[in-house]
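S.K.: Curious how this folds, go ahead:
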Amino acid sequence: MRKTLDQLYLAAGWTAAFVILAIAILISVQVLLNFSTRVLGLPLPSTIPSYSDFSGFMLASATFLAMPYTFRSGGHIRVSLVTARLSERAQHVSEIIALAMAAALTGYACVYIVFLVYESVHFGDVSTGSVPIPLGIPQAFMAVGMGLLFVAILDSLVQTIMTGTSVIAQGKET
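M.R.: Here you go, the predicted model:
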């Protein structure tokens, strides 16, 4: 189970990385098209329809998909100014409390993101750009990313309780 979860977090992280790459390619092609038509005078379309909508939706997807891997690898900001001064036992208890609170808040967000996706699909919501994109598609990626973050937090909480020590990689603080 441990290996499967870690591979799932890693797959979400790689998917986010490829989506960021797709954003860079999309924007680069848009810049090249704009340059080739306005400066070089080539008979090409000067814009990709709704490219800003596509890139914005992809950015939201990448952000949410990257969260579980980033969380488990210790990439999120952790403020240890207070906890570093606590005893080992108090650090462990504070870690469990923080993870439990994070799980509750993330679970709450998951429920409402799923409701948002359901409403968007139910009402047929689409973007307002020149290419109508069903909003349920980018919102579904948000829901998957948030759901995986919820699983990662619960996973960390259970592991922290079972092992008696923090399982989240410690980031370097300067």
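S.K.: Low-confidence regions, the chain specifically.
M.R.: Scanning the chain for pLDDT under 70 picks out 79, 169-174.
S.K.: looking at it, which residue lies furthest from center?
M.R.: Using Cα atoms, centre = their mean, the residue of the chain lying farthest from its centre is residue 41. It sits 40.0 Å away.
S.K.: Correct me if wrong: residue 107 contacts residue 150.
M.R.: Yes. Residue 107 lies in contact with residue 150 (Cβ atoms under 8 Å); the separation is 5.5 Å. Bear in mind the C-beta positions are built from the backbone N, C-alpha and C, glycine included.
S.K.: These two: which has the busier surroundings?
M.R.: In terms of neighbours (other Cβ atoms under 10 Å), residue 150 is the more surrounded of residue 107 and residue 150; the figures are 22 against 15.
S.K.: Now name the helix or strand holding the more buried one.
M.R.: Per DSSP states H and E, residue 150 falls inside helix 136-163.
S.K.: Would you mark the buried spots in that helix?
M.R.: Within helix 136-163, the residues scored as buried using 16 or more other Cβ atoms under 10 Å are 136, 138-157, 159-160.
S.K.: And it, what does it pack against?
M.R.: Under the contact criterion of 3 or more Cβ pairs under 8 Å, 6 or more residues apart in numbering; DSSP states H and E, helix 136-163 touches helix 2-38, helix 51-72, helix 88-123.
S.K.: now it, how far from the chain's geometric center?
M.R.: Centroid displacement of helix 136-163 relative to its chain, using Cα atoms, centre = their mean, to the nearest Å, is 10 Å.
S.K.: one step back: would you tell me which one of the helices and strands packed on helix 136-163 is buried the most?
M.R.: helix 51-72 (a mean of 20; mean count of other Cβ atoms under 10 Å).
S.K.: tell me the angle of that helix relative to helix 88-123?
M.R.: On the basis of axes from the mean of the first three to the mean of the last three Cα atoms, to 10 degrees, helix 51-72 is oriented at 150 degrees to helix 88-123.
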